[in-house]
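Trainee: generate a structure from the sequence data that follows.
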Amino acid sequence: MNRLFNRLPPLQLVTDSFAQSSEEDDMSKEGGWSWVILAASFIISMCTRAMTRTLSIFLVEFTDHFDQDLASVSWVISINDCLTMACAPLGTFLVSRFSYKATVMFGGILCTSGYVLGSFCTSIVQLYICLGVLSGLGSAFCFPTCVALVGCYFPHRRSFATGLATLGIGVGTFVLGSLAQFLIEAFGWRGALLILGGLVTHTLLCAFLFRPPPAVAAKRKDRNLLEPNDRLKEQVLQYNSCKPLPQQVDLESPLFNLEFVVFAFALFFLIYGSTPAIAYMFVYAYDSGVSKRQAAFLVSIYGIMTIIGNVFYSWIMDKSRFLRLYQMHTFMPVMVMYGISILLIPAASTYPLLMVCAVLLGHCEGILQPGPPVLASKLVGPTLAPTAIGIVYFSYSLPYLISLPISAWITNATSGYTAAFLLNGFFVLFGGVIFQFSLLYASCCKGRSYGPKVYECLLAKYCKNEA
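Mentor: Below is the predicted model:
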């Protein structure tokens with residue numbers, strides 16, 4: 001062991017030099033066509049996920065036209081959201097079999113077909129198939145694929161680039177919220193869906209701009225030229241949490257990581273609690289006596305605050321070294337604020353109070369949008385990061401499927417929205433608390449503190465003392 005530690009200082013110098021030169025080379029490649037990919041992904045986020053948020057404005061129209069209750073028409077959004085996340089691995093398979101461009105183009109065709117055919121539906125079941133199944137599958141092939149591609153083009157500014165790509169959700173919600181209500185008043189809900197379907201065709205144009213991600217073969221070749229001990233030190237430098245390296249090498253699945261499993265459960269409660277609050281905001285405001293235009297403007301306020309929260313979080317995480325080191329511990333405070341915002345909705349008896357709730361909900365949603373993929377990568381390390389991100393997106397599917405119908409059923413059973421919103425708010429609070437307790441347990445009982453790179457710091461301190 002003494003012989004090994006005596007060799008650490010020269011290894012530190014070699015590894016740092018290699019890592020610095022490699023990072024500078026990669027940073028120089030984060031330009032040019034990378035920004036075109038980012039802009040295209042931004043537009044695709046608007047045409048997929050933001051469009052799904054806009055469907056909440058159609059719930060009142062569907063309820064009146066098909067003479068169905070809120071729980072029945074809510075399945076349209078639930079099926080769409082569920083398939084978007086559950087079929088994300090299928091989109092990954094198509095990318096590996098064909099290409100990013102072909103996969104996104106196929107998804108864009110499905111999305112467009114869903115909205116166009118949805119404008120001709122004569123039953124609620126047909127809406128399930130068109131707006132739920134077809135559009136949901138199309139979003140699954142478009143949205144997660146774009147997020148993955150942006151990460152390939154921006155390896156060292158992944159948080160900021162992912163935040164900008166998903167910013168299209170907030171911008172789209174802000175723009176399409178009021179636009180959808182205007183189109184409904186001017187052309188009816190069928191004409192509005194047909195026009196929105198035309199907007200979704202922009203995903204096909206964006207897909208033409210996609211190119212294969214930057215080649216990593218040269219980088220892998222350079223890494224293979226290193227000595228085994230150098231590669232070991234490089235893995236330590238790349239690893240973002242504080243677990244000892246040998247413990248990570250033995251893991252073959254993120255499901256063996258307790259903190260990651262708890263994180264997936266926390267996301268389950270987050271999605272379950274937040275989805276009805278967002279989707280039923282328009283319906284709740286309308287039933288409270290607010291006009292449809294004012295209720296639609298609440299959706300726009302939520303969208304613009306999502307933009308602000310998304311940009312603020314992505315920017316500060318890339319600029320602040322302290323927050324980046326302790327990024328894992330910022331998850332619970334935001335979830336607590338999110339849960340409190342949902343709990344306040346039933347107490348919002350006036351339109352200004354509803355606007356305050358929309359501001360708080362949008363800000364928290366914007367902060368949490370780019371966070372889960374990044375936090376999942378930090379929990380399991382770079383090697384298992386792709387698998388962990390796939391599990392995270394898949395964990396969204398079940399709460400997306402059941403949250404809206406269950407909340408609608410509670411609303412009908414209690415003849416009001418109070419019980420449903422209170423239950424959803426407590427679910428979000430519970431998710432944040434259990435994840436923070438898992439981090440405290442890992443720190444106290446397992447010696448893993450998700451802050452600075454403790455293993456690397458201990459090695460550096462030992463080398464300094466030896467010198």
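Trainee: and the residue nearest to residue 404 when sequence neighbours are not counted, what does it touch?
Mentor: Excluding the flanking residues, the one nearest residue 404 by CB to CB, 6 or more residues apart in numbering is residue 74, at 3.9 Å. For glycine as for every other residue, the C-beta is placed from the backbone atoms N, C-alpha and C. Residues near residue 74 by CB atoms under 8 Å, 6 or more residues apart in numbering: 59, 279, 404-405, 407-408.
Trainee: now residue 160
Mentor: Residue 160 makes contacts with 154, 314-315, 317-318, as judged by CB under 8 Å, 6+ apart.
Trainee: by neighbours, which of the residues you listed wins?
Mentor: Neighbour counts for the contacts of residue 160 (other CB atoms under 10 Å) peak at residue 314, which has 27 neighbours.
Trainee: show me where the stretch 151-300 of the chain dips below the pLDDT cut-off.
Mentor: 159, 214-252 (pLDDT under 70).
Trainee: again, 90 this time
Mentor: In the predicted model, the stretch 151-300 of the chain carries pLDDT under 90 at residues 151-179, 181, 208-260, 277-283, 285-300.
Trainee: still on that earlier bit, ok, the contacts of residue 160 vs residue 260, which is closest?
Mentor: Among the contacts of residue 160, residue 317 lies closest to residue 260 (CB to CB), at 19.5 Å.
Trainee: of the contacts of residue 74 - the most surrounded one?
Mentor: Busiest of these [other CB under 10 Å] is residue 404, holding 29 neighbours.
Trainee: for that residue, give its distance to residue 37.
Mentor: 33 Å (CB to CB, to the nearest Å).
Trainee: what about residue 413, how many residues nearby?
Mentor: Residue 413 is flanked by 11 other residues according to other CB under 10 Å.
Trainee: residue 183 and residue 190 touch, don't they?
Mentor: No: taking CB atoms under 8 Å as the definition, residue 183 is not a contact partner of residue 190, at 10.3 Å.
Trainee: compare those two (neighbour count), which wins?
Mentor: Per other CB under 10 Å, whichever of residue 183 and residue 190 has more neighbours is residue 183, with 19 against 15.
Trainee: the more buried one sits in which helix or strand?
Mentor: Taking DSSP states H and E as the criterion, the element that holds residue 183 is helix 158-200.
Trainee: how many other residues sit next to residue 333?
Mentor: With other CB under 10 Å as criterion, residue 333 counts 12.
Trainee: what's the closest non-adjacent residue to it?
Mentor: Here the residue nearest residue 333, using CB to CB, 6+ apart, is residue 432, at 7.7 Å.
Trainee: repeat for residue 208
Mentor: Distance criterion CB to CB, 6+ apart; nearest residue to residue 208, sequence neighbours excluded, is residue 101 at 7.1 Å.
Trainee: list the contacts of that neighbour.
Mentor: The contact partners of residue 101, taken as CB under 8 Å, 6+ apart, are 207-208, 210-211.
Trainee: now do the contacts for residue 411.
Mentor: Counting by CB under 8 Å, 6+ apart, residue 411 has contacts 70, 280, 417, 419-420.
Trainee: cutoff 10 Å now
Mentor: 69-71, 74, 276, 280, 283-284, 287, 417-421 (CB atoms under 10 Å, 6 or more residues apart in numbering).
Trainee: could you do residue 270 as well?
Mentor: Applying CB under 10 Å, 6+ apart, the residues near residue 270 are 331, 334-335, 338-339, 364-365, 368, 372, 395-396, 399, 427-432, 435.
Trainee: give me phi/psi at residue 103?
Mentor: phi -70, psi -40 (degrees, to the nearest 10).
Trainee: how close does the residue lying closest to residue 158 once chain neighbours are set aside get to residue 165?
Mentor: In this structure, residue 158 finds its nearest non-sequential neighbour in residue 151, 5.1 Å apart by CB to CB, 6+ apart. As judged by CB to CB, residue 151 and residue 165 stand 9 Å apart.
Trainee: which one of those two has more residues nearby?
Mentor: residue 165 (29 against 22).
Trainee: where's the more buried one relative to residue 401, distance?
Mentor: 25 Å.
Trainee: measure the one residue sitting closest to the centre of the chain to residue 303 for me?
Mentor: The structure's the chain has its C-alpha centroid closest to residue 369; by CA atoms, centre = their mean the separation is 4.3 Å. Distance, residue 369 to residue 303, by CB to CB: 12 Å.
Trainee: cool, residue 62 as well?
Mentor: 21 Å.
Trainee: out of those two, which sits in the more crowded spot?
Mentor: Shown here are residue 62 and residue 303; by other CB under 10 Å, residue 303 has more neighbours (26 against 21).
Trainee: correct me if wrong: the more buried one contacts residue 53.
Mentor: Yes: between residue 303 and residue 53 there is a contact under CB atoms under 10 Å: 7.7 Å.
Trainee: residues that sit against both of these two, list them.
Mentor: Joint contacts of residue 303 and residue 53 (CB under 10 Å, 6+ apart) are 169-170, 172-173, 176-177, 365.
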